[in-house]
Each structure stands twice: as structure tokens, then as C-alpha cells.
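Asker: give the three-dimensional model of this entry:
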Amino acid sequence: MLQKAECLVHFSYEKSDYQAMLVDVQGVGYELFDPEIASAELVDSQNEVLFTTGNLSATAIQNFKVNHTCNFYCKCLALKPLSS
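Answerer: Numbering: from 1, shown residues only. The predicted structure is shown next:
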């Protein structure tokens, strides 16, 4: 299940044009709950925090990029390898 969750995070980042990432994926069996979103920018043009105070922003994105190794599921979806 870990590889599928990591692939979901990678997929969310690529499909958002590298602007947001689904993080803190938790679940039991096939049910996922309580995700957070990390965005490349912490605040918007009105200086409002994007995606609530749980936004781990660029720190979480960079951490994932450094530690993620593409797996079977990433390759099945033809996701581009992440560079740190």
C-alpha cells in the first residue's frame, strides 16, 4: 500500500503542474482520509495561507522529492522522475 500512496502523492504533484502535492496520506485498507495539501507557495496574492494552516508548503514538497524513488505504480502512470 505504501507504493500506491507514494504514487498518489507523485501523481498529484505532476498533475497540479508542480504547484501542489497531496501529503500526509493516511488510510486503512482502501479508504484514505485526513490528507493535507502542500503548495509551492504558502500564501496567495492577498497574503492568505493556502489550504489552511496544515500546509507544509515547499518544505514537504522538497522532502518528498529528495526521498521518493519512483516505483512500479509511478512507472505504470508514466510519471516523470522527480529531481530535487
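Asker: show me the shaky parts of the protein.
Answerer: The model of the chain has pLDDT under 70 over residues 49-56, 84.
Asker: buried stuff in the lengthiest helix in it?
Answerer: In the chain, with assignment by DSSP state H, the single longest helix is helix 2-15. Residues of helix 2-15 classed as buried by neighbour count (16 or more other CB atoms under 10 Å): 6, 7, 8, 9, 10, 11, 12, 13, 14. C-beta: built from backbone N, CA, C; applies to glycine.
Asker: neighbours around the nearest residue to the first one once chain neighbours are set aside, how many?
Answerer: Spelled out, that is residue 6. Of all residues not flanking residue 6 in the chain, residue 68 sits nearest, at 6.0 Å (CB to CB, 6 or more residues apart in numbering). Using other CB atoms under 10 Å, residue 68 is surrounded by 17 other residues.
Asker: hang on, the earlier thing: now the longest helix of the chain: how far from the chain's centre is it?
Answerer: Mean C-alpha position of helix 2-15 versus that of the full chain (CA atoms, centre = their mean, to the nearest Å) differs by 6 Å.
Asker: which residues sit against that helix?
Answerer: 20-23, 25, 27, 32, 61, 64, 68, 70-74, 77, 79-80, 82 (CB atoms under 8 Å, 6 or more residues apart in numbering).
Asker: kindly recompute the last result at 10 Å.
Answerer: 19-27, 30, 32, 35, 37-38, 40, 60-61, 64-65, 67-82 (CB atoms under 10 Å, 6 or more residues apart in numbering).
Asker: give the PyMOL command for selecting the buried subset of those.
Answerer: Selection of buried members from those for PyMOL, criterion 16+ other CB under 10 Å:
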select buried, resi 20+21+22+23+25+37+38+60+61+64+65+68+70+73+74+79+82
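Asker: can you show me the strands along the chain?
Answerer: Applying DSSP state E to the chain gives strands spanning 20-23, 26-28, 31-33, 36-39.
Asker: export these to a markdown table and append columns for distance to residue 48.
Answerer: Shown next, in a markdown table, are these (distance: least, CB to CB, whole Å):
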| stretch | distance to residue 48 |
| --- | --- |
| strand 20-23 | 15 |
| strand 26-28 | 26 |
| strand 31-33 | 25 |
| strand 36-39 | 12 |
